[in-house]
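Q: here is my input; please provide its structure:
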Amino acid sequence: MTGPGAGLPGGEPGPAAVRHPGPRDAPARHGAAPRILRVCGPLVEMECPASVAMHDLVSLGAAGLPGEVVAVHGGTGTVQAYEYTGGLAPGQPAEPLGRPLSVALGPGLLGGVFDGLLRSLSGVGDLLLPGAGGVAPDGRTWRFAPRVAEGARVAAGDVLGEIGARVPLSLLVPPGRAGTVTAVAAPGEYRADAVLAEVAGCAVRMTQDWPVRRPRPAAGRLPADQPLHTGQRAVDLLFPVARGGTVAVPGGFGTGKTMLLQQIAKWCDADVIVYVGCGERGNEMADVIEELSELADPRTGGRLSERTVTIANTSNMPMMAREASVYTGATVAEYFRDMGLDVVVIADSTSRWAEALREFASRMGELPAEEGYPAGLASRLAAFYERAGPVRTLGGARGSVTVIGAVSPPGGDRTEPVTAHTERFVRCLWSLDRDLAYARHYPAVSWVDSFSRDASALAAAHALAGDPGWAGRRARVAGLLTEADRLADLVELVGVTALPPRERISVLAGRLLREAVVQQSALSPADAYSAPGKTTALVEAALQVIDRCLELVDGGTGADAVEAVDFTPLLRAREAAGPAGTDAVDRARDIVLDRLGRTA
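A: Predicted coordinates for the structure are as follows:
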């Protein structure tokens, strides 16, 4: 027999796939319920029983609007509502739920679209009823295969069984639980709310609740020494990120932040993607969801959306839900990390999250710090990025959470508080340059203002993987690009013909590297993704051509003659080769080298 909780005691249907306050969650009351005293927009004052604590959830009014206790003053509590409070009035009930904001974590997250409280938005269009309990379980089932028998001794993080999905998932012993397996479900198909095992008398369901602001525990942190391949040459070559690293992507309006993050979501080699649209425009989020649902996943053969969790907290949604959305995304990522998976969290953007913090602090009457942001902005940013990292899970596996956050400095001012504080806490910075963006150079990652603190550790990883020349190529490309930028101002003043021959070749080298290697087309099927082998082939081809040009001018050939050579085959090689192709790159290199040879 199969089904929810088949053969198990306590096999009654469990909580819905989304946990948040509603009338059904209200505890049994003893005496009169607390009442609402005042409603001022999203801020609600209520009678506060002695048992209420900070960050407890409250169900407001007859509709059960969700809210969170943000201040307690004597017998009065201040609640920040997660939804529009139209219709609330003094005298209506306010039910404390005795727990912080929690979400249900399970296999149903994969492929789903949720709001900031992890309530499903799939199939509901623009309608989400206030206080509604999300979307009820839709009848979907997942195959469960037990890996332990009754009587086995297990500890927190141990695998109880495997759950069939596009991404291999596991049923784990929840943190804080240990003991003897007293029951386990037989192999079969089960709904997300099914009880699949009992450990020391406690039911273990396929879906498990966890507070979003509490990091999930791990056995220990590991060094970040394995590269995360993004498929974007400017990143993988110049400013690589490790699995479990942290990245900030600052850039002004129109510099391509969202496009770059979307490309990384599509092409990086993580097991699960958590895309958090924090305060994004609705049309941009719709484009992301549509593209993910249409793009084929080269790793699984299905749709890319099937291993993506999308949290769409758009700019027209309540401020408090926006504030919670980044914690929700981090919690979802840690859930999959605990199964030994590599997860990437993309937060677009943390500036709008910080704006929500500023708005909330203003409503609470807190003393403002720089530009009106709360004094605790730096610590809040640090706590968010701290949830990234490679870890040894409680079950002994290796998993990681990589956090990539976009930053939108007003007017491109990188000295503003959000950008300045973020740069202190991240391992990589991919700064987007307005001039490159307006010149239609994608991705517009500045090789002058960006950095990667993981580069030295990842160079050792590349060497162990059989590519000892990776660090040398990276240093050579960075040096040539920097030299070309240094000469660019001089060229504007005196013209390129006034430069010595080797410096003229340096200017040419910068152009070849920019157009043949660093630049990439997000709209080209052949060049939207660049495999590590193709990136290496392009870099080596460009460097060989540049070295040959330097040899020619050192041997007496005029710089004019070298500059007159047609380098088009090399510049078009990235389009001529496929995403992982190298043969076309080698042919283009040989053609250009032959032309240079005839110039000597």
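
Q: would you list every one of the helices in the stretch 201-350 of the chain?
A: 233, 257-267, 282-294, 319-337, 350-363 (DSSP state H, counting those that start in this stretch).

Q: once you drop chain neighbours, what's closest to residue 314?
A: residue 282 (4.6 Å; Cβ to Cβ, 6 or more residues apart in numbering). Heads up, the C-betas are built off the backbone N, CA and C, glycines and all.

Q: about what we covered before: between the helices of the stretch 201-350 of the chain, which one is closest to residue 417.
A: Proximity to residue 417 (Cβ to Cβ) singles out helix 350-363 among the helices of the stretch 201-350 of the chain, at 7.8 Å.

Q: closest to residue 527 out of the helices of the stretch 201-350 of the chain?
A: Nearest of the helices of the stretch 201-350 of the chain to residue 527, taken as Cβ to Cβ: helix 233 at 9.2 Å.

Q: return the distance of the closest one from the chain's centre.
A: Counting by Cα atoms, centre = their mean, to the nearest Å, helix 233 is centred 19 Å from the centre of its parent chain.

Q: with stretch 458-474 instead?
A: Going by Cα atoms, centre = their mean, where stretch 458-474 is centred and where its chain is centred differ by 26 Å.

Q: again, but for stretch 592-600
A: Centroid separation for stretch 592-600 versus its chain: 46 Å, with Cα atoms, centre = their mean.

Q: if we can go back for a sec, least reliable of the helices of the stretch 201-350 of the chain going by mean pLDDT?
A: Here the lowest mean pLDDT among the helices of the stretch 201-350 of the chain goes to helix 282-294, at a mean of 82.

Q: now the helices of the stretch 201-350 of the chain in JSON lines, please, with extra columns for distance to residue 525 and mean neighbour count.
A: Shown next, in JSON lines, are the helices of the stretch 201-350 of the chain (distance: least, Cβ to Cβ, whole Å; neighbours: other Cβ atoms under 10 Å):
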{"stretch": "helix 233", "distance to residue 525": "16", "mean neighbour count": "25"}
{"stretch": "helix 257-267", "distance to residue 525": "12", "mean neighbour count": "22"}
{"stretch": "helix 282-294", "distance to residue 525": "13", "mean neighbour count": "16"}
{"stretch": "helix 319-337", "distance to residue 525": "29", "mean neighbour count": "26"}
{"stretch": "helix 350-363", "distance to residue 525": "32", "mean neighbour count": "21"}
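
Q: adding distance to residue 221, write these out as JSON lines.
A: Below are the helices of the stretch 201-350 of the chain laid out as JSON lines (distance: least, Cβ to Cβ, whole Å):
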{"stretch": "helix 233", "distance to residue 221": "30"}
{"stretch": "helix 257-267", "distance to residue 221": "23"}
{"stretch": "helix 282-294", "distance to residue 221": "30"}
{"stretch": "helix 319-337", "distance to residue 221": "12"}
{"stretch": "helix 350-363", "distance to residue 221": "22"}
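
Q: quick one: which of those helices is nearest residue 225?
A: Checking these against residue 225 by Cβ to Cβ gives helix 319-337 as the closest, at 16.9 Å.

Q: flag every buried residue along stretch 432-445.
A: Neighbour-count burial for stretch 432-445 flags 432-433, 436-437, 441-445 (criterion: 16 or more other Cβ atoms under 10 Å).

Q: a markdown table for these, including secondary structure?
A: Formatted as a markdown table, the buried residues of stretch 432-445 follow (DSSP: H, G, I helix; E, B strand; the rest coil):
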| residue | secondary structure |
| --- | --- |
| 432 | strand |
| 433 | coil |
| 436 | helix |
| 437 | helix |
| 441 | coil |
| 442 | coil |
| 443 | coil |
| 444 | coil |
| 445 | strand |
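
Q: could you give the number of residues near residue 153?
A: 12 (other Cβ atoms under 10 Å).

Q: which residue packs closest to it, ignoring adjacent ones?
A: Nearest residue to residue 153 in three dimensions, chain neighbours excluded: residue 180, at 5.8 Å (Cβ to Cβ, 6+ apart).

Q: swap in residue 387?
A: Once flanking residues are discounted, residue 387 sits nearest to residue 330: 4.5 Å by Cβ to Cβ, 6+ apart.

Q: mind checking how far that neighbour is from residue 210?
A: 11 Å (Cβ to Cβ, to the nearest Å).
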